[in-house]
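> could you work out the structure for the sequence below:
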Amino acid sequence: METKQRAVRLSVADNVVVAAASVPSGTVLEGEGVVVPRMVPMGHKIATRPIPSGEAVVKFGQVIGYATKDIAPGEHVHVQNCAMGAHDQNYRIGADYRPVQLRNDWTGATFRGIRRPDGRVGTRNFIALCATVNCSASVIRYVADRINGSCVLDAYPHIDGVVALAHGTGCGMSGNDEGAENLERVLWGYATHPNVCAAIFIGLGCEVMQIGRLKAKYGFSEGTRFHTLTIQETGGTRKTIETAVRMVEEILPDLGGAVREDVPASELMLALQCGGSDGYSGITANPALGRAADMLVEYGGTVVLSETPEIYGAEHLLVRRAASTEVGQKLIDRIRWWEDYTTRNKGEMNNNPSPGNKAGGLTTILEKSLGATAKGGNSPLADVVLYGEKITSHGLVFMDSPGYDPASATGQIASGAQLICFTTGRGSAFGSKPAPTIKLATNSRLYESMPDDMDLNCGDIIDGGASVESKAEEIFRKVLAVASGERSKSELLGLGDNEFVPWQIGAVM
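Okay, the predicted model is just below:
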């Protein structure tokens, strides 16, 4: 990888720059007039002026932490001399709100989607096996393996496969708390997802998350789209597997041809994710994805930002773009919920960056959050929803979730996202079903070392002459292509069967 510059300055207000590549000791930083006394790794921060102990460390034009000792110009700024501190909570709801300027020209902003009877549009066509409880997890996996591994689907090329939505909860829990509501919304969200043509709920029979509960709440009945089984009523594990396999075989002829047609980008809901972040994330892939997200919003589409603990310290930027006082207050309320949640569980909101994030150059959650929030672009905040809650708004929507990628992505898909864009600097091996994941590498080294995992390289914003705008256009085109049926790298690897992880809250009893 050939790097054209030693360090990147992100704002004139910053007192640090970011190493574009490993900076050897004795290097003079061009334009900064400082000498680096000791080697600084790629993606890490370098002081450009004296930072006295207790003074704010500024990156992106925002406070990311405070010096814990005097820092000299050229010195490596990281966990050894910088720590978490107070952040801006002057929320000023809606102060920076600007309405979306919708585009009128739809040329090149369409994709080949699958129109469902209810009017929504899918990007894939899966049969979903939904376990209501951990006791039926093995059963649905056996059924999916039997169908996907046979020649049954050969006669139905429009079916992308059978996905087993297995998890480790559904019982040993309260039936009326936040955890139960999360699981309920997730199961229903996946069963009714636009990328799903039919769903079979399979339970044990005596669990807390009863199939009858779902029927009563959502008013569905047996038919072509929805089917139900319980292991106890069917006669045990083996009989349930055989019955479910026959059920899939019998409904296949009735699932239609799923013909793709040209539809506008306004029909897309794109989930935004990052994992294994590094010092490049907030400079390359996340801003480029943010601009691509803005483009989709300008075409009338929807983008879903999430991971509440990983916007902590940057939430004021979103609140100031809120479309209404109600929307802004909803985000503040979720921040307060998380502060209480972490406190009562003897945790703290600064419990990450993770070791991998820190190795990549991220020092505090404030720094990580500012980079992560960049994925959401600059569009106004249209709404804030609970985990897995159905999204009906267009534009930028925030969905409350943990920062744990599989749990967060599970909620976004349950809310209706048909695709995921996932940025990574360390190399997260992640995929998802029934909504495919597109992986964006933040640096060229990662892209070159994991070519079978990464769909696009954003590292060339630093070392290859690409701009954030040109990369955003490339991302936008890739999103439309994958929405039209092109397979992402994670799909080609077969990933996505083990990333269904509903967020479990509450006592396990």
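
> confirm residue 228 sits in a strand?
Yes - assigned with DSSP: H, G, I helix; E, B strand; the rest coil, residue 228 falls within a strand.

> how about it, what does it touch?
Counting by Cβ atoms under 8 Å, 6 or more residues apart in numbering, residue 228 touches 200, 201, 202, 203, 211, 215, 222. (Glycine included, C-beta is placed from N, CA and C.)

> which ChimeraX command selects the buried ones in those?
In ChimeraX syntax, the buried subset of the contacts of residue 228 is picked out as below (16 or more other Cβ atoms under 10 Å):
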select :200,201,202,203,211
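
> can you list the contacts of residue 228 in JSON lines and add distance to residue 475, secondary structure and pLDDT?
Shown next, in JSON lines, are these (distance: Cβ to Cβ, whole Å; DSSP: H, G, I helix; E, B strand; the rest coil; pLDDT from 0 to 100):
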{"residue": "200", "distance to residue 475": "35", "secondary structure": "strand", "pLDDT": "98"}
{"residue": "201", "distance to residue 475": "36", "secondary structure": "strand", "pLDDT": "98"}
{"residue": "202", "distance to residue 475": "38", "secondary structure": "strand", "pLDDT": "98"}
{"residue": "203", "distance to residue 475": "40", "secondary structure": "strand", "pLDDT": "98"}
{"residue": "211", "distance to residue 475": "40", "secondary structure": "helix", "pLDDT": "96"}
{"residue": "215", "distance to residue 475": "41", "secondary structure": "helix", "pLDDT": "93"}
{"residue": "222", "distance to residue 475": "42", "secondary structure": "coil", "pLDDT": "86"}
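
> now render the contacts of residue 228 as a markdown table, adding distance to residue 385.
Formatted as a markdown table, the contacts of residue 228 follow (distance: Cβ to Cβ, whole Å):
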| residue | distance to residue 385 |
| --- | --- |
| 200 | 27 |
| 201 | 24 |
| 202 | 28 |
| 203 | 27 |
| 211 | 25 |
| 215 | 24 |
| 222 | 30 |
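
> looking at the contacts of residue 228, which one is closest to residue 261?
residue 200 (27.2 Å; Cβ to Cβ).

> ok, for the closest one, nearest residue in space, not its chain neighbours?
residue 227 (4.4 Å; Cβ to Cβ, 6 or more residues apart in numbering).

> and the one you found, how many neighbours?
Number of residues near residue 227 (other Cβ atoms under 10 Å) recorded here: 19.

> what does residue 145 give?
With other Cβ under 10 Å as criterion, residue 145 counts 14.

> A helix includes it, no?
Yes - judged by three-state DSSP, residue 145 forms part of a helix.

> measure it to residue 228 for me?
21 Å (Cβ to Cβ, to the nearest Å).

> go on, residue 94?
45 Å.

> ok, residue 164 - contacts?
129, 131, 137, 140, 141, 143, 144, 497 are the contacts of residue 164 under Cβ under 8 Å, 6+ apart.

> of those - the most surrounded one?
residue 129 (30 neighbours).

> what average pLDDT does the strand or helix carrying it get?
Residue 129 belongs to strand 126-131 when assigned by DSSP states H and E. The predicted model assigns strand 126-131 a mean pLDDT of 98.

> so how many other residues sit close to residue 410?
Neighbour number of residue 410 under other Cβ under 10 Å is 26.

> surely it is in contact with residue 501?
Yes - using Cβ atoms under 8 Å, residue 410 makes contact with residue 501 at a distance of 5.3 Å.

> next, count neighbours for residue 160.
Neighbour count for residue 160, taken as other Cβ under 10 Å: 24.

> number the residues from 56 up from this point.
Sure, I'll start counting at 56 from here, so that last one is residue 215.

> gap between it and residue 528?
28 Å.

> do the same with residue 257
Distance from residue 257 to residue 528, by Cβ to Cβ: 44 Å.

> and if you look at residue 457?
32 Å.

> what about these two, which has more around it?
Neighbour count, other Cβ under 10 Å: between residue 457 and residue 528, residue 457 has more, with 21 against 16.

> pretty sure the more buried one sits in a helix.
No - assigned with three-state DSSP, residue 457 falls outside any helix and is coil.

> show me the contacts for it.
Contacts for residue 457 (Cβ under 8 Å, 6+ apart) come out as 362, 363, 364, 463, 558.

> contacting residues around the nearest residue to the last one once chain neighbours are set aside?
Okay, so that is residue 558. Sequence neighbours aside, residue 462 is the residue nearest to residue 558 in space, at 4.5 Å (criterion: Cβ to Cβ, 6+ apart). The contact partners of residue 462, by Cβ under 8 Å, 6+ apart, come to 456, 556, 557, 558.

> and the third one, that's in a helix?
The one in question is residue 557. No - applying three-state DSSP, one finds residue 557 to be coil, outside a helix.

> quick one: contacts for the nearest residue to it once chain neighbours are set aside?
The spatial neighbour of residue 557 that comes closest, neighbours along the chain excluded (Cβ to Cβ, 6+ apart), is residue 241 at 4.5 Å. Shown in contact with residue 241 (Cβ under 8 Å, 6+ apart): 442, 443, 465, 466, 469, 557.

> just say helix, strand or coil for residue 241.
Applying three-state DSSP: residue 241 is helix.

> pull stretch 303-311 out as CSV, backbone CA atoms only.
Output of stretch 303-311 as CSV, limited to C-alpha atoms (Å, rounded to 0.1, in the frame of the first residue of the first chain):
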residue,chain,number,x,y,z
VAL,A,303,-41.9,-26.6,3.4
GLU,A,304,-42.1,-28.9,0.4
GLU,A,305,-45.9,-28.5,0.3
ILE,A,306,-45.9,-24.7,0.4
LEU,A,307,-43.2,-24.2,-2.2
PRO,A,308,-45.5,-24.5,-5.3
ASP,A,309,-47.7,-21.8,-3.8
LEU,A,310,-45.0,-19.2,-3.2
GLY,A,311,-45.1,-17.7,-6.6
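
> ok, residues contacting it?
182, 198, 202, 207-208, 210-211, 213-214, 217, 252-253, 255, 279, 282.

> in ChimeraX, how would I select just the buried ones from those residues?
Buried residues within the contacts of stretch 303-311, by 16+ other Cβ under 10 Å, are selected in ChimeraX with:
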select :182,198,202,207,208,214,217,252,253,255,282
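
> of the contacts of stretch 303-311, closest to residue 134?
Nearest to residue 134 among those, with distances taken as Cβ to Cβ, is residue 217, at 46.0 Å.

> the helix or strand where that closest one lies relative to strand 181-186, how many degrees between them?
According to DSSP H and E, residue 217 maps onto strand 216-220. On the basis of axes from the mean of the first three to the mean of the last three Cα atoms, to 10 degrees, strand 216-220 is oriented at 20 degrees to strand 181-186.

> per-residue confidence averaged over strand 216-220?
Across strand 216-220, pLDDT averages out at 98.

> any idea how far it is from the chain center?
Strand 216-220 has its C-alpha centroid displaced from the chain centroid by 20 Å (Cα atoms, centre = their mean, to the nearest Å).

> partners of that strand, with directions?
strand 181-186 (parallel) (DSSP bridges).

> next, the angle from the strand it pairs with to strand 281-285.
Here strand 181-186 runs at an angle of 30 degrees relative to strand 281-285 (the same axes, to 10 degrees).

> who touches strand 181-186?
192, 194-195, 198-199, 202, 214-222, 225, 242, 245-246, 248, 250-258, 299, 303, 306, 310, 488-489.

> centre-most residue in the chain?
Geometric centre of the chain, nearest residue: residue 328, 2.6 Å, by Cα atoms, centre = their mean.
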